[in-house]
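Engineer: quick one, structure for this:
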Amino acid sequence: MSHSLTLHTRRSALRTLLMGAVAATALGAIACTPKTEVTVAGPAQQSGIAVTGSANVSVKPDVARLNLGVEVTDTTVANARSKAADAMTKVQTALKAKGVQEKDIRTQSLNITPQYTQSPDRTVPPAIRGYLVSNVLQVTVRNIDSASEVLDAAVAAGGNTVRVNGISFTVDQPEQFLSQAREEAVKNARARAEVLAKAAGVTLGSARSVTESGNSGPVALDRVAAAPSAANAPTPVNPGEQQIQLTVSVVYDISPGK
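Structural biologist: Numbering: from 1, shown residues only. The predicted structure is shown next:
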């Protein structure tokens, strides 16, 4: 009886030892299993078509800008200034008589410069022989059809003292033409995007973003430098046409083609 109990006890201890070994092995296997990491990708970048569109709108200028002035040389500053002032007063009076408003006559520059005579003997310093007074105006003529008459009137009033440096043309209120250019540029961008979408086999959607990447005001296609007219002949001036140029960048949504 005692022998049988001892044998049973040994068998129970052996069974317990084997179960512990199996459990340890299982735990070791779990501990040695490689770690698995799962990374969830962020949202994919939205697809789309990016294009640029441009437009050129031709406009007829409605404003002329004259750059003219008077120049007088005399032996003294006082005399030169007085004669130049008298000539400029006559020029401005003539401009106003032709409908140019006071606010559209702006002094651009006024200079008094000594004039020198160089002696044949280079060892002798140059001597002042007189003084040049130059007074230049920027004149805006809003009735562009009268630009020639205004110019001729100024030349006649100032006589030989008048200097005409040039004439340019512009559009007084270009915003209305810029609006037209914007519409045409966006239509141009859409047409380009539709061609690309068709070639790629996708369906073009709505515009995601529109950026006006560059625009310019009226760009002169024709600038005329006017000169004093011959006797009884009006000075011909030609305003020509100007271009308003504008560019937009547009991104359109796309979807799989049908």
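
Engineer: could you list the domains of the protein?
Structural biologist: Annotated domains of the chain cover 48-59+174-222+238-256, 63-170 [automatic domain parsing].

Engineer: same list (those) but as a markdown table, adding mean pLDDT and mean neighbour count.
Structural biologist: The C-beta positions use only the backbone N, C-alpha and C, and glycine is treated the same way. Listed next are the domains of the chain as a markdown table, based on pLDDT from 0 to 100; neighbours: other CB atoms under 10 Å:
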| stretch | mean pLDDT | mean neighbour count |
| --- | --- | --- |
| domain 48-59+174-222+238-256 | 89 | 16 |
| domain 63-170 | 95 | 16 |
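
Engineer: is Phe63 in contact with Asp145, as I believe?
Structural biologist: Careful, residue 63 is Val and not Phe. No - when contacts are counted by CB atoms under 8 Å, Val63 is not listed as touching Asp145 (11.4 Å).

Engineer: residue contacts, the nearest residue to Glu183 once chain neighbours are set aside?
Structural biologist: Nearest in space to Glu183, with sequence neighbours left out and distances taken as CB to CB, 6 or more residues apart in numbering, is Ala55 at 7.9 Å. Applying CB atoms under 8 Å, 6 or more residues apart in numbering, we find Ala55 in contact with 180-185, 188, 245-246.

Engineer: from what I can see Arg208 touches Ile254, true?
Structural biologist: No - here Arg208 does not reach Ile254: they are 9.8 Å apart, not a contact under CB under 8 Å.

Engineer: which neighbours do the two have in common?
Structural biologist: Counting by CB under 8 Å, 6+ apart, the residues touching both Arg208 and Ile254 are Gly48.

Engineer: against which helices or strands is the helix or strand containing Asn67 packed?
Structural biologist: Per DSSP states H and E, Asn67 falls inside strand 63-74. With contacts defined as 3 or more CB pairs under 8 Å, 6 or more residues apart in numbering; DSSP states H and E, the packing partners of strand 63-74 are helix 77-97, strand 105-117, strand 127-141, helix 147-158, strand 162-170.

Engineer: hmm, who's touching the second one?
Structural biologist: So the one you mean is strand 105-117. 67, 69, 73, 77, 80-81, 92, 95-96, 126-140.

Engineer: mind doing that once more with 10 Å?
Structural biologist: 66-69, 71, 73-75, 77, 80-81, 84, 88, 91-92, 95-96, 125-140, 165 (CB atoms under 10 Å, 6 or more residues apart in numbering).

Engineer: returning to what we had before: what about the strand holding Asn67, distance to the chain center?
Structural biologist: Its chain's C-alpha centre and that of strand 63-74 lie 31 Å apart, by CA atoms, centre = their mean, to the nearest Å.

Engineer: sheet partners, orientation included, of it?
Structural biologist: strand 127-141 (antiparallel), strand 162-170 (antiparallel) (DSSP bridges).

Engineer: and Val51, which of the ones you listed is closest to it?
Structural biologist: Ranking the strands paired with strand 63-74 by proximity to Val51 (CB to CB) places strand 162-170 first, at 31.4 Å.
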